[in-house]
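J.: Sequence first, predicted coordinates after that:
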Amino acid sequence: MTTSGIRQVKPKAEGWEQRKDNSGRPLLQFASPKRGKPPVHLADLTPEQRVEKVKELGLPGFRAKQLAKHYFERYTRDPELMTDLPKDGREELVNGMLPTLLTEVRRLQTDGGDTIKFLWKLHDGALVESVLMRYPGRITLCVSSQAGCGMNCPFCATGQNGLTRNMSAAEIVDQVVRANEIIAKGELGGKREDDNSAERVSNIVFMGMGEPLANYARVMQAVRTMVDKKEGLGMSARGITVSTVGLAPAIRKLTEEDIPVTFALSLHAPDDELRDEMIPVNSRWKVDEVLDAARAYFDKTGRRVSIEYALIKDMNDHPWRADLLAEKLLARGKGWVHVNPIPLNPTPGSVWDASTLPAQREFVRRLNDKGIPTTIRDTRGKEIDGACGQLVVTEEDERASEAAAV
Ligand code: SF4
């Protein structure tokens, strides 16, 4: 029992064994295991490097721009459709610059067709997922940045099997291009019949598989391509949310980039005692250090930081924790932060169960009363396990992937 009279349950991995390091602490994997690299793709390269690569393939450099237009604006990878390129050598050029990175294995739809979860196979057989969601006035794609994850959070399905490998910048970007292609074909439901506007992904959240800041260089290269107005996807930086469980040095690095993306910190607990167990990387960078880094991000960019907080029954949803969270945020000033509590996807009987409605309301009320804007986040996609911490490759996915390969 706690001082507030609500019992406290301890975090624990259920149905899987959490990997430990030599000192008995949860294993943290920062380095990507060595595997064959994915083929280099146009979206891995800067515009200058693309020109060089096209020249290496024996064509004039200006063809790079034409290819980029096909890929980023028309979502085309089919040489047949690129009639502005000379027929001679066209196929070789496309194969060399736009190799296939993602093979669709499976797609699951829910919310009346408004949400689609994709299972993709990468060139080496690794499986990743992305989730496409239509909301009023925007289309959001939740992308993966790593196959698996090395952060070993005990409540998270993705972390169970550790890190398979970092994804390349192009593998990250290609999730968006493929989603745009699908939207353009009218395969995402929910569009009003009288609406003929061209649509595409407007918002990206790095909340699929992986810890984005553990794959920093490739994630940033992908973000640069997403916001590049001339030779990229031309998206708005504020529509892109980069999240982290708290890799403080990488947050400081992100602060120095000149790209004002929306920054989200998955905090989940305001006290180190609990956070050390829920988020093993907290053993390296404690709550205060991470919050200081988040506040510095706001100071530099003027972008309000989102604090993500999975509300878990009797674990982190105590009123005193709402008060402590408010205290720690207010200690760093007002108006710089927004709290998004997310009721965990319920697994009845598990220690990882969603908070009760009264507990959710009380948590939100305490923060709002202290002047911290707090809104419960929509957990769209939970019927298809597409909400945060729910993306995991199951044995069933592996079987589907093998069947698709036959
Ligand atoms: S919660 Fe995020 S950081 Fe933690 S294991 Fe899952 S994907 Fe990785």
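T.: Noted; the coordinates are in hand. Here the structure is a predicted model, which means the values were calculated and not measured.

J.: roughly how far apart are residue 259 and residue 183?
T.: Noted for residue 259: a distance of 24 Å to residue 183, by C-beta to C-beta, to the nearest Å. Heads up, the C-betas are built off the backbone N, CA and C, glycines and all.

J.: Could you do residue 299 as well?
T.: In terms of C-beta to C-beta, residue 299 sits 36 Å off from residue 183.

J.: With residue 14 instead?
T.: Taken as C-beta to C-beta, the span from residue 14 to residue 183 is 37 Å.

J.: which of the two has more neighbours?
T.: residue 183 (21 against 12; other C-beta atoms under 10 Å).

J.: Give me every residue in the protein lying close to the ligand.
T.: 149, 151-153, 156, 158-159, 210-211, 245, 389 (C-beta under 6 Å from any ligand atom).

J.: at 8 Å what do you get?
T.: Residues of the chain lying near the ligand by C-beta under 8 Å from any ligand atom: 149-153, 155-159, 207, 209-211, 244-245, 266, 279, 281, 388-389, 391.

J.: Can you report phi and psi for the residue most central in space within the chain?
T.: Here the mean C-alpha position of the chain is nearest to the C-alpha of residue 206 (C-alpha atoms, centre = their mean), at a distance of 2.0 Å. Per-residue torsions, residue 206: phi -80, psi 70 (degrees, to the nearest 10).

J.: Find the nearest non-adjacent residue to it, please.
T.: residue 212 (4.2 Å; C-beta to C-beta, 6 or more residues apart in numbering).

J.: thought the one you found was touching residue 145?
T.: Yes. Residue 212 is in contact with residue 145 according to C-beta atoms under 8 Å; the separation is 4.4 Å.

J.: between those two, what contacts are shared?
T.: 206, 219 (C-beta atoms under 8 Å, 6 or more residues apart in numbering).

J.: wait, what's in contact with the residue nearest to residue 246 when sequence neighbours are not counted?
T.: Excluding the flanking residues, the one nearest residue 246 by C-beta to C-beta, 6+ apart is residue 290, at 4.1 Å. Counting by C-beta under 8 Å, 6+ apart, residue 290 touches 246, 248, 251, 265, 267, 282.

J.: Now pLDDT too, for those residues, in TSV please.
T.: Output for the contacts of residue 290, formatted as TSV (pLDDT from 0 to 100):
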residue	pLDDT
246	96
248	98
251	98
265	95
267	95
282	97
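
J.: Check those against residue 89 and report the nearest one.
T.: Nearest to residue 89 among those, counting by C-beta to C-beta, is residue 251 at 45.4 Å.

J.: so the closest one makes contact with residue 293?
T.: Yes. Counting by C-beta under 8 Å, residue 293 is a contact partner of residue 251 at 4.0 Å.
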